[in-house]
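In: just to be clear, the model below is a prediction. Sequence and coordinates:
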Amino acid sequence: MTTTNISLIRLIDAMNERPIAFNRHYVSLGCGLSGAVMLSQIVYWSKRSSNDGWFYKTIEQWEEETGLTRYEQETARKKLRDLGFIVEQKKGVPCKVHFKLQQENLYKALIKLSSNSENNDEKDGENNDDSVCGNPANKFGEIQQTGLGESSKLDCGNPASSDAGIPQTNTESTQRVQQRSNKSTFSTDFEKFWNAYPSCKRKTKKLEASKTFEKHRQEFDLDFMLAILSEFCKSEQWINHAGDFIPAPQVWLNQRQWENDYWPKFFAQNQNLQKQNQSSAAQQPERIQPQRVGYGQGLV
């Protein structure tokens, strides 16, 4: 065997040392190819985490493991967050993105996918046209059915409704849908959150955001969470770039920003600083205002 062949074999062996498993079913869940690759790795690392399923990886580490570029990673992460399969948190100094798998949501989606596949297989196995003997199921099956005249009368001779037989217009359908949607009510707490959230391209789907808010409602203090949201609204990343980096409200909620250890320390430091400023102002001696004296007059 030549030296060149030996070098090639060693190269191939080195490339095969760290293969990654890829679950094809994740593509069918709407993750896309890059999302399915990343989700497969998240499932792998979540099972090996000692921090309640949380783990962190840098962009460079993701690229080394999966080959996904920074843009592909961001696209995949957004899809997985929107589908509710993962949650993210920023922790530590320097700040690192931590990931956690939402196992229950993933399992439910896989079970639903499996049920749909079984139903489709059952439908494909049915004989829709001919019976086993080869004769049509109905002797009139091959005869094209003629159209029947519309009638608003029942057997009793009375019309079923004054509107029967009148085709419904799109406007009427739209109005009824709007009336049903207007019946949706939102909690007072959610309205406070929704009004405090800045306007951006992704601030849509209020009903979906409300469901996400109520799902997490027992996990945070509303005033504390709104104070955190206020600080995000002041950040350069949210203010600049015409709000392109502001996530959808439901995505921000799923990221559980209120669980970051940074915020209690941040507000505590600001509170202490305010107390120090107030104390310093109280301790300053009162300035004596000199009394003006007119020319040729003395102090009384």
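Out: Noted; the coordinates are in hand.
In: where does pLDDT dip in the stretch 51-200 of the chain?
Out: Applying pLDDT under 70 to the stretch 51-200 of the chain flags residues 121-184.
In: now T69: how far from I20?
Out: The gap separating T69 from I20 is 16 Å, by Cβ to Cβ, to the nearest Å. Where C-beta positions appear, they are placed from N, C-alpha and C, glycine not excepted.
In: over to E60?
Out: Counting by Cβ to Cβ, the gap from E60 to I20 is 16 Å.
In: which ones are touching R48?
Out: F55 (Cβ atoms under 8 Å, 6 or more residues apart in numbering).
In: phi, psi for it please.
Out: Torsion angles at R48 (phi, psi; degrees, to the nearest 10) stand at phi -110, psi 10.
In: okay, it: pLDDT?
Out: R48 is assigned a pLDDT of 87 by the prediction.
In: from E88, how far off is it?
Out: R48 is 18 Å from E88, by Cβ to Cβ.
In: L226 too?
Out: Plainly put, L226 is 21 Å away from E88 if you go by Cβ to Cβ.
In: does K206 touch F186 like I think?
Out: Yes - counting by Cβ atoms under 8 Å, K206 touches F186, with 7.4 Å between them.
In: touching both of the two, which residues are there?
Out: Residues touching both K206 and F186 (Cβ under 8 Å, 6+ apart) are W194.
In: measure E64 to F266 for me?
Out: E64 is 33 Å from F266, by Cβ to Cβ.
In: the helices in this protein, which residues?
Out: Along the chain, the segments classed as helices by DSSP state H run 3-15, 25-26, 32-47, 59-66, 70-82, 103-125, 170-182, 188-196, 206-216, 222-234, 236-239, 249-254, 262-283.
In: nearest to G92, out of those helices?
Out: helix 262-283 (8.8 Å; Cβ to Cβ).
In: can you give me the angle that closest one makes with helix 222-234?
Out: Between helix 262-283 and helix 222-234, the angle comes out at 90 degrees (axes from the mean of the first three to the mean of the last three Cα atoms, to 10 degrees).
In: re the thing from before, want to throw the helices of the chain into CSV with distance to G92 and mean neighbour count?
Out: Shown next, in CSV, are these (distance: least, Cβ to Cβ, whole Å; neighbours: other Cβ atoms under 10 Å):
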stretch, distance to G92, mean neighbour count
helix 3-15, 33, 9
helix 25-26, 29, 19
helix 32-47, 17, 20
helix 59-66, 15, 14
helix 70-82, 18, 18
helix 103-125, 24, 11
helix 170-182, 43, 10
helix 188-196, 27, 14
helix 206-216, 23, 16
helix 222-234, 17, 15
helix 236-239, 18, 12
helix 249-254, 20, 22
helix 262-283, 9, 11
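In: tabulate those (CSV), appending distance to K96.
Out: Putting the helices of the chain into CSV (distance: least, Cβ to Cβ, whole Å) gives the following:
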stretch, distance to K96
helix 3-15, 29
helix 25-26, 25
helix 32-47, 14
helix 59-66, 10
helix 70-82, 14
helix 103-125, 22
helix 170-182, 41
helix 188-196, 27
helix 206-216, 22
helix 222-234, 18
helix 236-239, 17
helix 249-254, 18
helix 262-283, 12
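In: tell me the contacts of H216?
Out: Going by Cβ under 8 Å, 6+ apart, H216 touches L253, N254, R256.
In: L229 is in contact with W194, isn't it?
Out: No - in this structure L229 lies outside contact range of W194 using Cβ under 8 Å: 10.8 Å.
In: show me the contacts for the closest residue in space to K201 that isn't next to it in sequence.
Out: Distance criterion Cβ to Cβ, 6 or more residues apart in numbering; nearest residue to K201, sequence neighbours excluded, is G243 at 6.5 Å. By Cβ under 8 Å, 6+ apart, the residues touching G243 are P198, S199, C200, K201.
In: repeat that with 7 Å
Out: G243 makes contacts with P198, C200, K201, as judged by Cβ atoms under 7 Å, 6 or more residues apart in numbering.
In: ok, and the most crowded of those?
Out: Neighbour counts for the contacts of G243 (other Cβ atoms under 10 Å) peak at C200, which has 16 neighbours.
In: between the two ends of stretch 214-229, how far is it?
Out: Criterion Cα to Cα, to the nearest Å; first-to-last residue distance in stretch 214-229 is 17 Å.
In: chain neighbours aside, what residue packs nearest to I86?
Out: Going by Cβ to Cβ, 6+ apart, I86 has L80 as its nearest residue, at 4.6 Å.
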